[in-house]
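Participant: output the structure for:
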Amino acid sequence: MATKMWYVEPVWQTMLPTMGGEAIKEVYGHWFAPRMIFTGRMGATALSMLVAFMRERRKAFILTDTVVERHARSVAKDFQEASFQTTIWNEAAPEPPVTLAQKCADAMTKFEPDLIVAVGGGSTIDLAKAAWILYELPGYDLKAVNPTIPMGLRKKALLAAYPTTSGTGSEVTWASILTDDSVTPPVKIALSSAEIVPDFAVLVPEFTVGMPPKITAGTGLDALAHSVDGYLTCYDTDICDALAIKSIELVFKFLPRAYKEPNDTEARYRMQMAATIAGLAFGNSQCALTHSLGHAVGKVFGIHHGVAVGIFIPYSIQYHSRASKKYVQLAKKIGIEAKDEAECLQKLVNRFKQFLLSFKVPYALKEHGITNERWQKNLADVARYSSEDVCTGASPRPTSIIDIKKILEYAYEGKDIDF
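Facilitator: Numbering: from 1, shown residues only. Below you'll find the predicted structure:
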């Protein structure tokens with residue numbers, strides 16, 4: 001059993017930041033995405049009919065949670081009408097621990113599906129990816145999942161994802177975020193492999209209608225953080241840049257509508273598109289500091305993932321600005337005019353801060369119920385978790401655990417990054 005994730009090893013900590021250099025991009029690139037993306041209820045029906053011709057045994061294992069199980073039953077009906085035998089496993093949970101992935105895989109083994117269907121938010125889809133690995137490869141150490149090591153999935157099943165939130169983009173990415181609760185405090189770990197990109201993604205806006213405002217805001221901020229991170233990362237590409245900007249535009253326009261009007265179908269559809277587009281962007285250009293910082297803070301202090309990463313958008317932009325001027329392009333793309341770079345940076349940061357506040361999300365961490373005593377007690381662990389996170393290696397500015405701790409301290413007080 002591996003004791004640490006591969007990206008924590010010193011050799012990878014050294015290599016990851018250098019692999020986003022311009023010279024590398026000229027000789028190597030990639031594009032990971034599902035083979036097909038369907039939209040709407042008719043799209044869902046079309047997928048079930050299509051996959052029926054691709055699966056010999058036609059056994060669909062549908063993974064969901066009790067909150068959105070009604071949508072899973074609707075999906076099950078589509079597959080039943082396409083001659084599939086189905087079963088629904090409703091034990092998915094937020095930020096799933098590794099042990100839950102094994103429990104789900106055991107249920108898959110008993111049913112022996114040739115199609116796995118995830119119906120739920122990002123945690124459910126991430127859980128499906130991890131359980132799929134263990135179903136295909138019993139006994140596999142999830143901590144050993146590495147994008148450079150082939151696993152040979154799809155000998156038993158394919159994977160389809162139906163997101164019921166609009167934020168994570170997990171339906172189109174090659175990552176799965178789990179919780180390692182064998183350490184104290186618990187830490188988020190990232191499984192990364194091109195093999196766990198779902199084969200099919202299905203976007204049904206009706207599945208997200210009625211989401212509570214707080215969850216709508218949190219998941220929408222997650223999509224925004226993906227796009228901003230994906231645009232500013234050192235692994236950026238022209239394709240990813242175009243997708244990231246489009247997603248940012250959609251989030252700025254439609255998240256306020258979805259937040260205020262839970263049943264606004266158009267806003268829900270556009271936010272689903274924003275989340276998936278953001279997933280395609282950051283899934284191929286990676287995330288950086290907003291996510292390494294947000295992963296650690298969110299897990300240790302119990303802050304919703306989307307809110308946690310959203311809070312770090314302005315701080316990350318300020319930190320990156322010392323090494324990259326790409327924030328100027330971002331500001332221009334979203335309509336910000338300024339007389340010089342300093343004004344441009346300030347206006348851009350303020351735009352994101354005000355956007356956070358419009359959803360009642362303070363950008364100072366101390367305003368999220370974290371006492372100074374609790375903050376100081378956990379700060380060293382949070383800084384270490386952030387430093388070791390795989391996303392840190394994609395930062396356009398070389399960083400260190402000293403800088404990360406300082407960013408965290410500034411974010412706790414709500415201070416602008418000035419170093």
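
Participant: which SSE is residue 124 in?
Facilitator: Here residue 124, judged by DSSP states H and E, is contained in helix 122-136.

Participant: pLDDT (mean, whole number) over that helix?
Facilitator: In this model, helix 122-136 has an average pLDDT of 98.

Participant: just checking, what packs against it?
Facilitator: Applying 3 or more C-beta pairs under 8 Å, 6 or more residues apart in numbering; DSSP states H and E, we find helix 122-136 packed against strand 59-63, helix 98-111, strand 115-120, strand 158-163, strand 175-180, strand 187-192. C-betas here are computed from N, CA, C, even on glycine.

Participant: and these, which is most packed in?
Facilitator: When you average the neighbours per residue for each of these (mean count of other C-beta atoms under 10 Å), strand 115-120 leads with a mean of 29.

Participant: quick one on the thing from earlier: any idea which of the helices and strands packed on helix 122-136 has the lowest pLDDT on average?
Facilitator: Between the helices and strands packed on helix 122-136, the one with the least mean pLDDT is strand 187-192; it has a mean of 90.

Participant: what sits up against that strand?
Facilitator: Applying C-beta atoms under 8 Å, 6 or more residues apart in numbering, the external contacts of strand 187-192 come out as 5, 7, 95, 98, 129-130, 133, 142-143, 145-147, 174-180, 295-296, 298-299, 385, 389-391.

Participant: cool, and stretch 36-56?
Facilitator: Stretch 36-56 is contacted by residues 58, 75, 78-79, 81-84, 114-115, 158, 160, 162, 172, 199-206, 269, 272, 276 when judged by C-beta under 8 Å, 6+ apart.

Participant: next, format the helices and strands packed on helix 122-136 as TSV and append distance to residue 327.
Facilitator: As requested, the helices and strands packed on helix 122-136 are arranged in TSV below (distance: least, C-beta to C-beta, whole Å):
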stretch	distance to residue 327
strand 59-63	39
helix 98-111	37
strand 115-120	34
strand 158-163	29
strand 175-180	25
strand 187-192	25
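
Participant: tell me the domain boundaries of the protein?
Facilitator: In terms of domains, the chain is parsed into 36-207, 211-413 (source: automatic domain parsing).

Participant: closest to residue 29 out of those domains?
Facilitator: Nearest to residue 29 among the domains of the chain is domain 211-413; the distance by C-beta to C-beta comes to 6.5 Å.

Participant: now do the end-to-end distance for the closest one.
Facilitator: 31 Å (C-alpha to C-alpha, to the nearest Å).

Participant: how far off centre is it?
Facilitator: 12 Å (C-alpha atoms, centre = their mean, to the nearest Å).

Participant: quick one: which of the domains of the chain is nearest residue 30?
Facilitator: Comparing these by C-beta to C-beta, domain 211-413 comes nearest, at 6.7 Å.

Participant: so for that closest one, what's the average pLDDT?
Facilitator: Mean pLDDT, taken over the full extent of domain 211-413, equals 96.

Participant: in CSV, list the domains of the chain along with distance to residue 29.
Facilitator: Supplementary listing: the domains of the chain in CSV, determined by distance: least, C-beta to C-beta, whole Å:
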stretch, distance to residue 29
domain 36-207, 13
domain 211-413, 7
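
Participant: quick one: residues contacting residue 251.
Facilitator: Neighbouring residues of residue 251 by C-beta under 8 Å, 6+ apart: 220, 223-224, 227, 271, 274, 278.

Participant: ok, residue 293 to residue 417 distance?
Facilitator: Distance of residue 293 to residue 417, given as C-beta to C-beta, to the nearest Å: 12 Å.

Participant: so between these two, which is more surrounded?
Facilitator: Here residue 293 and residue 417 are compared on neighbour count by other C-beta atoms under 10 Å; more neighbours surround residue 293, at 29 against 19.

Participant: secondary structure element holding that one?
Facilitator: Secondary-structure element containing residue 293, defined by DSSP H and E: helix 289-301.

Participant: which residues are common contacts for residue 293 and residue 417?
Facilitator: Taking C-beta under 8 Å, 6+ apart as the contact criterion, the residues that touch both residue 293 and residue 417 are 315, 407.

Participant: returning to what we had before: among the contacts of residue 251, which pair sits farthest apart?
Facilitator: Greatest spacing in the contacts of residue 251, by C-beta to C-beta: 227 and 271 (12.4 Å).

Participant: dihedrals phi and psi, the residue of the chain most remote from its centre?
Facilitator: Distance from the C-alpha centroid of the chain peaks at residue 339, with 35.1 Å (C-alpha atoms, centre = their mean). Phi and psi for residue 339, reported as degrees, to the nearest 10, are phi -80, psi -20.

Participant: same question, residue 233
Facilitator: When quoted as degrees, to the nearest 10, the phi and psi of residue 233 stand at phi -60, psi 160.

Participant: just to check, it is in contact with residue 288?
Facilitator: Yes: using C-beta atoms under 8 Å as the test, residue 233 is close enough to residue 288 to be in contact (4.7 Å).

Participant: quick one, which of these two is more surrounded?
Facilitator: residue 288 (33 against 29).

Participant: and that one, how close does it get to residue 220?
Facilitator: 20 Å.

Participant: which helix or strand contains residue 370?
Facilitator: Secondary-structure element containing residue 370, defined by DSSP H and E: none, the residue being outside all helices and strands.

Participant: counting neighbours, what do you get for the nearest residue to it once chain neighbours are set aside?
Facilitator: Leaving aside its sequence neighbours, residue 370 sits nearest to residue 301 (C-beta to C-beta, 6 or more residues apart in numbering; 5.3 Å). Counted with other C-beta under 10 Å, the neighbours of residue 301 add up to 17.
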